[in-house]
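> Below is the sequence, then the predicted model.
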Amino acid sequence: MNVSLLTVVIFLPALGALGIALLVPKTNENAIKWIANAIALVDFALSLTLLRGFDSASTQLQHVTKVSWIPQLGVEYFIGIDGISLLLVILTTGLGFIAVLSSWTYIQKRNKEYYATLLLLQTGILGVFVSFDFFLFYVFWEVMLVPMYFLIGVWGSKNRLYAAIKFFLYTLFGSVLMLLGIIALYLANFAETGVYTFNILEFYRLTLSPDLQWWIFLAFFLGFAIKVPMFPFHTWLPDAHVQAPTAASVILAGVLLKMGAYGFLRLSLPILPDATRQFVPMIAVLSIIAIIYGGLVALMQKDWKSLVAYSSVSHMGFITLGIFMLNPIALQGGIFQMLAHGVATGGLFLIVGLIYERMHTREIARFSGLAQVMPVYATLFAILAFASLGMPTLNGFIGEFLVLVGTFQESRQYAFFAVWGVVLAAAYLLWLFQRVMLGEVEDDEIAGLKDLNLREAMTLIPLVVMAIFMGVYPKPFLEMIEQPVNAIIARVRPGYFDGTGVTPPPLPSTPDATTAALPVDANDQLEDLLQQQLGEPDNETDESSEK
Amino acid sequence: MPDFLDLFWLIPLVPLVGVTVNGLLGRRIKSEKVIATIACATILTSFILSAGAVYELAQLPVEERHVEIVLYEWIPSGVAHLSDDALYAESATFSIPFAFLLDPLSAVMILVVTGVGSLIHIYAAGYMHGDKGYYRFFTYLNLFVFFMLILVLGNSYGLMFIGWEGVGLCSYLLIGYYIGKRSAGDAGKKAFIVNRIGDLGFILGIFTVFFTFGSLQYLEVFERAQEFEVGAGAITAACLFFLIGAIGKSAQIPLFVWLPDAMEGPAPVSALIHAATMVTAGIYMIARSSALFTLSPIAMAAVATVGAATALMAATIALVQNDIKRVLAYSTVSQLGYMVMACGVGAFSVGVFHLVTHSFFKALLFLGAGSVMHALSDELDMWKMGNVKKYMPTTHWTFLVGCLAIAGIPGLAGFFSKDEILWYAWSGPHGHPIFWAVGTLVAGLTAFYMFRMYFLVFQGTSRMDPQVEEHAHESPRAMTVPLMVLAVLSIFGGYIGIPGVLRVGPLASLHERFNLLEWLAPSLGGESHAAVAAARDSLLASAQPAIGFLQEAEQVAEEAGHGLELVLMLISTIVALAGVGFAYFIYVKMPRRADVLYQRFQGAYRVLWNKYYVDELYDALFVNRTKDAGDALWVIDDALLDGLVNATGNATRRSASASVAFDDMVVDGAVNAVGDELSRSSRILRGWQTGYVQNYALIIALGIFVIISAYLFLP
């Protein structure tokens, strides 16, 4: 078989990790760094080529690979992308590269293990966003935990072990329950169709009893809510962020949290529409609490990084609110906010990391007048902060604004409370900015700080450019997700589009298997593999290669 | 055929060029001259483009005076279900195009923004000379002009919101421009956050409009608004939300507290942003939405009341302030209240008229104050000035013109617009004699405190620090020339809106040619709801009744025999002159009187000096409570929520060690015997069992990875 482009995008980082782990000597740190950066950059570039010929008007999956994996259980290696997945994949590879690049001098020990782990993490996250087999999804979901655990536990700061274990147990707890839900779904599907399959697209067609939906929803909810994290399951987040090395924070805030939100909109909404509607009030209230609560707690943080972490709780509240308003505007806003938050908050964590590397402290009170000694740094921080607090023409505005519009449609009360998050965001970010950037330079250590060097600036500038571009011209992003969003809404809220003149597209349906069933003979397998590696032409069909 | 009209979308974008060049390269460009030239050139270009476009707009017949240009689709989103109040349709697609609208109202606004803006840019080139952040200053200033132009040129509430937030951002950056100064940082942050509270109202207003009308574009919204009855709930809600936004931006009660603090910014910033343009955005917004406001008597009453109360309150505070810029700041708040009141009584065009004249004389006064500060080593306390006229003749006479204009001395700009407001406060469709009385009182107070300032600064004997006095000098030409131009505008700017009673002789023919109120009528289609009701057919037709409204008002005046208008005018003039005279009496003629008055009214003085303790009240009620809430929640988060998690963890650990103990003693005892034997044979495997969770986990991860790859690549 041909290895599809999408498969390459997903597994290239893991192969790189393997390569670094096995082939590069530990002492050759420069080679390790260069290889890791090159792999991350190539992966990003490859993910961009997925855009070529991508049909955003269609809700059907594209770049599909679907082969049987564990036939006894009906498990398949089934990956593909629609507009939502594609954007998240690009976000992941983009931030992934920036995370790798930002580690150049930050990481002082065990470089080899570090870069291997970081790359392995990327494969895990990418896999979640493209898997349409629930088993495969779960595998990636879990695999991703391990490298993150190491990143926090080995390369974190003082309290790293506590944070790492807390992170691991918290999320493991959530995913175990999710696994129960998956199994229930698997069995229910068998009961209904007589086929053992984990195919998510097949699950979309199920009509489960509301009772069963309710239980499965609850199981999924815990898994996803912890990941997001939603109030009151968020307490692992500040610890994990504060202790994690910069790159891990960037990935954590930028994409890892989005997995929870992604789970909701890809799985809970279309598979369990009845239960979803039942849970709306609860989740809406929790989201609004998160928005306001996160903002208030962020306001009073004394640690720079923990402030940004709590701001994430608040921003993620907008995302879950947007998803559960169950209308296309709010859902588009929520998805856009996932991207925007990844860019802006990812950037804000880089900002903290850059100063931590210089001063080895993150205590806000310790800083003052940085703008005078580091003007470039201050400017980039200002733009990202304003992006994060929702300044129109920057990306944070578009998502939150659309979420609020959609929320207003469903409930003015919700909108009224949620909108206070916008005021709080201005308060905690501007206060932070004032305390650390403005004022007099108070001591020699600050006076002696150097502004960003080229590599450091290059980690931030792409994010700043993106923040502006997405704010000024959000159209391509919104168009990319428009049809998938409409399909989800039509499923979770039948009748929404009646009388509006809009015909919602169908949810994606299962494509034909892209390759024949598994060959039995192991020798054949080996041969195939050799053939691939030798680059021999292969005439088996693969949708992605046609694109 | 018209050229400038095709190009008017460039007007906001040209200053963006200045932002880009100065922002990215400013640090490399060492020359102040180059930086200032770029900044001033971009905005002068905008001014020329504006003037050309407005001229061409004026050539069009009245009913065609609205030109829209769509640049691109900004936020295209999904289908929305409109609210039950919506008459127009049940659903609509949410979409905001990036598009501009040039009509009489935005025409006036862009002329003010680019015209006054150009003068202030030129002035700033001199004023900021030698400042370390010269390029930064002009980058921000150009960025401000860009957003302000978006605000007034946008064709929808969505675009207005971009500008609205954008100017707030620039205001934040410019108030806190002196980055080493703590109070400046505080003031900038305060301005932004207080404004955000107002913005919250604006956002909710935008939502209400969208879900009522299915659109955010002015022309569509106002056309559909005609289908609603006077007093419709949705429209009242939208208007009250908008009012909250206007209260924030235009510093009205109860959100005015940020503007006086905003004086921490450099003087040109105060002149441009906190006097002439940004703070008038609230008035612009209300005037722009006049078609909605006139449908809601409740909202109109609220607008008029807020305006009148603010005008009065701020004027009283200004009476006792000693900081030259703070007096001007409170005066600005008060004058903005005047404009808001004008809108509230239904005279939107008059409010905009005052906005225009105010931008002339208040910019003049701020720049004049800046010029004085420039000469006196940044001195702000008026009691440390006196007889400054000796050193600064040009600043002196231009400042005097500004004071005369704002005091409402007949013949100058402020007289015309202020008097129109007072007349409509009495006679307007939503007017009431109480509004007139408050307005007249405020006029008297204004004349008093402005001339108190004038006399303390320029007349009398010098109280300057000798060292300061030694260096006192007239400002450079870059600063005085804008002052002179503004002085001329402050004198003649009022003749574009001559009150009915004065339209005699040459003034009548001037009135025929330049009449701002009539010019604005098509934009302010809903001047009177009676008129709107008469013209439900189309938006364009609603221009007619607006003009009709003016004629109607004139009829009222004529019925009252012009006599009433004349009497009211006379009263306000006398009151203004009395204010000036009183100030002269106290601060020049008998300087000791001030002390006597102070002793007599100590209590009142203290209240005014402390600005009615509003800041303290807000700190106690909101700011500190918010921080307390943050602290309390943080404790909850740390102790309760996290405590629960940790307690679960601990419990698990304890039960685990209990199990271990049980295991060791009971189970293991039996097993050990067998185990000993086994362990001997299992030494080989022991190497694998490092006992570290990490290692196990890594093996699991790699194992999974290998399995997947095996199945993937070995099909």
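Sure thing, it's come through.

> CA atoms for contacts and neighbours, from now on please.
Noted.

> Excluding chain neighbours, what is closest to the closest residue to chain B within the stretch 351-500 of chain A?
Here the stretch 351-500 of chain A gets closest to chain B at one residue, A:G439, 4.2 Å apart by CA to the nearest CA. Nearest non-adjacent residue to A:G439, counting by CA to CA, 6 or more residues apart in numbering or on different chains: B:G180, 4.2 Å away.

> Likewise for B:A125?
Once flanking residues are discounted, B:A125 sits nearest to B:A36: 5.7 Å by CA to CA, 6+ apart.

> Strand partners (parallel or antiparallel) of the strand ranked longest in chain B?
With secondary structure taken from DSSP state E, chain B has its longest strand at strand B:67-81. Using DSSP bridges, the strands paired with strand B:67-81 in its sheet are strand B:91-102 (antiparallel).

> what about the strand it pairs with, average pLDDT?
For strand B:91-102, mean pLDDT is 91.

> could I have that strand exported to CSV, CA atoms only?
Coordinates of the C-alpha atoms in strand B:91-102 are reproduced here as CSV (Å, rounded to 0.1, in the frame of the first residue of the first chain):
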residue,chain,number,x,y,z
SER,B,91,-33.8,33.8,10.3
ALA,B,92,-30.8,35.6,8.9
THR,B,93,-27.2,34.9,8.2
PHE,B,94,-24.8,36.5,10.5
SER,B,95,-22.2,38.4,8.5
ILE,B,96,-20.2,41.5,8.8
PRO,B,97,-18.7,43.0,5.7
PHE,B,98,-15.6,45.2,5.9
ALA,B,99,-17.3,48.1,4.2
PHE,B,100,-17.5,51.9,4.5
LEU,B,101,-20.3,54.4,4.2
LEU,B,102,-19.8,58.0,3.3
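
> Can you pull out the residues in contact with it?
Strand B:91-102 has contacts (CA atoms under 8 Å, 6 or more residues apart in numbering or on different chains) with A:329, A:499-500, B:8-9, B:65-82, B:150, B:153-156, B:158-159, B:214-216.

> Quick one: buried ones out of those residues?
A:329, A:500, B:8-9, B:65-66, B:68-69, B:74-82, B:150, B:153-156, B:158-159, B:214-216 (16 or more other CA atoms under 10 Å in any protein chain shown).

> Next up, the contacts around residue 503.
If you meant another chain, say so; for now it's chain A. So A:T503 contacts A:F497 (CA under 8 Å, 6+ apart).

> My question was about chain B, not that one.
B:H511.

> Kindly provide the distance from it to B:R513.
Separation of B:R503 from B:R513 (CA to CA, to the nearest Å): 12 Å.

> If you average pLDDT per helix and strand, which one of chain B comes out bottom?
helix B:529-534 (a mean of 38; mean pLDDT, DSSP states H and E).

> Tell me if I am right that the residue of the stretch 351-500 of chain A closest to chain B is in a helix.
No: using DSSP: H, G, I helix; E, B strand; the rest coil, the secondary structure at A:G439 is coil, not a helix.

> B:Y157 versus the residue nearest to B:L524 when sequence neighbours are not counted, what's the distance?
Leaving aside its sequence neighbours, B:L524 sits nearest to B:S290 (CA to CA, 6+ apart; 5.9 Å). Between B:S290 and B:Y157 the computed distance is 13 Å (CA to CA).

> Specify the local secondary structure of A:T510.
coil.

> need the contact list for the residue in the stretch 251-400 of chain B that chain A sits nearest to.
As assessed by CA to the nearest CA, chain A sits closest to B:E264 within the stretch 251-400 of chain B, at 13.8 Å. Going by CA under 8 Å, 6+ apart, B:E264 touches B:I175, B:G176, B:S183, B:A184, B:A187.

> Redo those residues as CSV? Include secondary structure, pLDDT and neighbour count.
Shown next, in CSV, are the contacts of B:E264 (DSSP: H, G, I helix; E, B strand; the rest coil; pLDDT from 0 to 100; neighbours: other CA atoms under 10 Å in any protein chain shown):
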residue, secondary structure, pLDDT, neighbour count
B:I175, helix, 90, 30
B:G176, coil, 86, 28
B:S183, helix, 86, 17
B:A184, helix, 86, 26
B:A187, helix, 88, 22
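
> so which pair among those residues is furthest apart in space?
B:I175 and B:S183 (9.8 Å; CA to CA).

> Could you pull up phi and psi at A:L389?
Torsion angles at A:L389 (phi, psi; degrees, to the nearest 10) stand at phi -90, psi 10.

> Return the residues in contact with it.
When contacts are counted by CA under 8 Å, 6+ apart, A:L389 is found next to A:G396, A:F397, A:V422, A:A425, A:A426, A:L429.

> OK, contacts around the residue of the stretch 551-700 of chain B found nearest chain A?
Residue of the stretch 551-700 of chain B nearest chain A, by CA to the nearest CA: B:G630 (4.4 Å). Applying CA under 8 Å, 6+ apart, we find B:G630 in contact with A:Y293, A:L296, A:V297, A:A298, A:L299, A:M300.

> Swap in 6 Å and give it another go.
A:L296, A:V297, A:M300 (CA atoms under 6 Å, 6 or more residues apart in numbering or on different chains).

> what residues does chain B put near chain A?
Chain B comes close to chain A at residues B:77-78, B:91, B:162, B:179-182, B:196, B:630-631, B:634, B:642, B:701, B:714-715, as judged by CA under 6 Å from any CA of the partner chain.

> ok, now how distant is A:M470 from B:D103?
Taking CA to CA, one finds A:M470 at 30 Å from B:D103.

> next one: phi and psi at B:H473?
Dihedral angles (degrees, to the nearest 10) for B:H473: phi -160, psi 160.

> I'd say it and B:A375 touch.
Yes: at 5.4 Å, B:H473 counts as touching B:A375 under the criterion of CA atoms under 6 Å.

> Between the two, which has more neighbouring residues?
Counted by other CA atoms under 10 Å in any protein chain shown, B:H473 and B:A375 do not tie: B:A375 has more neighbours, with 21 against 17.

> Which residue comes closest to that one once chain neighbours are left out?
According to CA to CA, 6+ apart, the nearest residue to B:A375 is B:A472 (4.9 Å).

> Now for that neighbour, how many residues are close by?
20.

> and if you look at the one 10 residues further on?
Using other CA under 10 Å, B:P482 has 23 neighbouring residues.

> where's it relative to A:G322, distance?
Counting by CA to CA, the gap from B:P482 to A:G322 is 51 Å.

> Just the CA atoms of the helix or strand harbouring A:F318, as CSV, please.
Assigning secondary structure by DSSP states H and E places A:F318 in helix A:304-324. Only the C-alpha atoms of helix A:304-324 are listed here, as CSV (Å, rounded to 0.1, in the frame of the first residue of the first chain):
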residue,chain,number,x,y,z
TRP,A,304,3.0,35.0,35.7
LYS,A,305,2.6,31.6,34.2
SER,A,306,-0.2,30.6,36.5
LEU,A,307,-2.0,33.8,35.5
VAL,A,308,-1.8,32.7,31.9
ALA,A,309,-2.9,29.2,32.9
TYR,A,310,-6.1,30.5,34.6
SER,A,311,-6.7,32.8,31.6
SER,A,312,-6.9,29.6,29.6
VAL,A,313,-9.6,28.2,31.9
SER,A,314,-11.6,31.4,31.1
HIS,A,315,-11.0,31.2,27.4
MET,A,316,-11.8,27.5,27.2
GLY,A,317,-15.0,28.4,28.9
PHE,A,318,-15.9,30.4,25.8
ILE,A,319,-15.1,27.4,23.7
THR,A,320,-17.3,24.9,25.5
LEU,A,321,-20.0,27.5,25.7
GLY,A,322,-19.8,27.9,22.0
ILE,A,323,-20.0,24.2,21.3
PHE,A,324,-23.0,23.6,23.5
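
> Look at the closest residue to A:F220 other than its chain neighbours and give its secondary structure.
The spatial neighbour of A:F220 that comes closest, neighbours along the chain excluded (CA to CA, 6+ apart), is A:M178 at 4.8 Å. Counting by three-state DSSP, the backbone at A:M178 sits in helix.

> ok, now which ones touch A:M178?
So A:M178 contacts A:A219, A:F220, A:G223 (CA under 6 Å, 6+ apart).

> Up against chain B, what does chain A have?
A:143, A:235, A:296-297, A:300, A:328-329, A:392, A:423, A:438-440, A:500, A:518, A:525, A:529.

> Right, I'll leave it there.
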